[in-house]
Structures are given as structure tokens and as C-alpha cells.
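Peer 1: Predicted model follows, preceded by the sequence.
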Amino acid sequence: MTAWYQLIGTYLFEEDVGWYHTYGIKVILPDGTSRTLSDISTDRERVQALVDACRAGALDPDHLTDVVENFLP
């Protein structure tokens, strides 16, 4: 079984911008544990496209942080 990637959404608050909706990625590992990278972007479609690419490429979860760093502008 491979890891499963899914889009997550969260509301966060920052004093200078107020409340905002942001998206991240949760990866569920074959052993049932999970890791979450939150607050990647406020652009839902971009993060969903990244999730889809992680699934399609069967990304090794150990490389998720590097992939996200390369994804960021």
C-alpha cells in the first residue's frame, strides 16, 4: 500500500490580515499514521493540483517537504 495524500483546509488568524482560509496536505502512511503540512497556500486549486500530482507520482512521503518548498512562489 502506498501513502494517501489529501487536501485539508483550515481557518487561521493573523493580526495584520484577520481570519483567512488556507490549505495544506495530509499524508496518511501505510502504517496508519499521518503527517500534516498546513498553511501551504490560500489557493485551493493549486494545493489540490499538488495533492493530485503527489498521488499520481506515488510520492515518497519523505520528499513531501521538498516538493512543497519547490511549489511555493
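Peer 2: Arrived safely.
Peer 1: in this protein, what spans have low per-residue confidence?
Peer 2: Per-residue confidence for the chain (pLDDT under 70) gives these ranges: 1.
Peer 1: As a check, name the ranges of all strands in it.
Peer 2: Assigned by DSSP state E, the strands in the chain fall at 4-14, 18-28, 34-41.
Peer 1: so which of those gets nearest Ala58?
Peer 2: Minimum separation from Ala58 across the strands of the chain (C-beta to C-beta) falls at strand 4-14, 9.8 Å. Bear in mind the C-beta positions are built from the backbone N, C-alpha and C, glycine included.
Peer 1: which residues sit against the closest one?
Peer 2: Around strand 4-14, the neighbours that count as contacts under C-beta atoms under 8 Å, 6 or more residues apart in numbering are 19-28, 36, 38-39, 44, 47-48, 51, 54-55, 59.
Peer 1: Show me which residues of that strand are buried.
Peer 2: Tyr5, Leu7 (16 or more other C-beta atoms under 10 Å).
Peer 1: give the contact list for the residue nearest the centre of the chain.
Peer 2: For the chain, the residue nearest the mean C-alpha position is Ile25 (2.0 Å; C-alpha atoms, centre = their mean). Counting by C-beta under 8 Å, 6+ apart, Ile25 makes contact with 5-8, 36-37, 40, 47, 50-51, 54, 64, 68.
Peer 1: switch the cut-off to 7 Å
Peer 2: Neighbouring residues of Ile25 by C-beta atoms under 7 Å, 6 or more residues apart in numbering: Tyr5, Leu7, Ile8, Leu37, Ile40, Val47, Leu50, Val51, Leu64.
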